[in-house]
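Asker: A predicted structure for the sequence below; I have some questions about it.
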Amino acid sequence: MRTIVTLTVLAALAAWPVAGQQAPKVGQLEIKAYQKIPKTKTAVQLTSDTHLSREIRREVMIRLARRGNEVGFSGGNVMRLDVSYFDLSPSTSGQGYITGSPSYEMPGSNPRMDLPRNKLERRDTIPIPPVGPTLRVTLTLYSLDGGKVLWAATASCYVQSNAAEQAGTSMIDNIFNDADNNRVGDAGCPL
């Protein structure tokens, strides 16, 4: 049991990014092909089970089948699919200000006076980069014997929630257009 846990931890550390190594910029994709995707059976597993993740997994399985891989939900090499959609844009409800009391406090729960409103902004001259809702898709292919990372791809796009599935399909298309070579390129984000 201890050996299995040790091997699992080592496999996870092998896939962990090295210090100083960054993900590609939003709007780009990056493929790290340590070797070509083998034509063996590939199981596509989700890290989070959401409707969007399941739809993108279906697209990944279609692309793998087109390449000649037998695909399924178990057996063979394992391709982990991580789909994350997050929105870090500033909220309009707070108008960019930090108020004195947290939103979860009940009125009158703390007898102290309300703190002054502090504007939420950078104090240096570096402009804030434009942000918006972001879809990030990460695929990592592990070998069946030993858990070695064979291939990895990451892509991300700024996209509104109503176009997230379309953007995910476009990113998967661009990844699998030339999946066997290392490259950094356009993620194929919808306009």
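Answerer: That came in fine, so what should we check first?
Asker: CA only for contacts and neighbour counts going forward, please
Answerer: Noted.
Asker: Give me the contact list for the top helix by length along the chain.
Answerer: With secondary structure taken from DSSP state H, the chain has its longest helix at helix 51-66. For helix 51-66, contacts defined as Cα atoms under 8 Å, 6 or more residues apart in numbering pick out 44-46, 70-72, 81-83, 164-165, 168-169, 172-173, 176.
Asker: mind redoing it with 7 Å?
Answerer: 44, 71, 83, 165, 168-169, 172, 176 (Cα atoms under 7 Å, 6 or more residues apart in numbering).
Asker: can you map out the helices along the chain?
Answerer: Taking DSSP H, the helices of the chain run over residues 2-15, 51-66, 164-177.
Asker: In the last one, which of the residues would be classed as buried?
Answerer: Residues of helix 164-177 classed as buried: 164-176 (neighbour count, 16 or more other Cα atoms under 10 Å).
Asker: nearest to Lys39, of those?
Answerer: Phe176 (14.1 Å; Cα to Cα).
Asker: Now for the closest one: which residues touch it?
Answerer: So Phe176 contacts Arg63 (Cα under 7 Å, 6+ apart).
Asker: Then Tyr142?
Answerer: When contacts are counted by Cα under 7 Å, 6+ apart, Tyr142 touches 77-79, 148-150.
Asker: From those residues, which land in strands?
Answerer: Counted as lying in strands by DSSP state E, out of the contacts of Tyr142, are 77-79, 149-150.
Asker: closest to Val137 among the residues you listed?
Answerer: Met79 (12.5 Å).
Asker: Tell me the pLDDT of Glu30.
Answerer: For Glu30, the model assigns a pLDDT of 94.
Asker: how about TSV for the ones in strands among the contacts of Tyr142, with distance to Lys32, neighbour count and pLDDT added?
Answerer: Below are the ones in strands among the contacts of Tyr142 laid out as TSV (distance: Cα to Cα, whole Å; neighbours: other Cα atoms under 10 Å; pLDDT from 0 to 100):
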residue	distance to Lys32	neighbour count	pLDDT
Asn77	17	23	88
Val78	16	22	91
Met79	14	24	92
Val149	10	21	92
Leu150	9	19	92
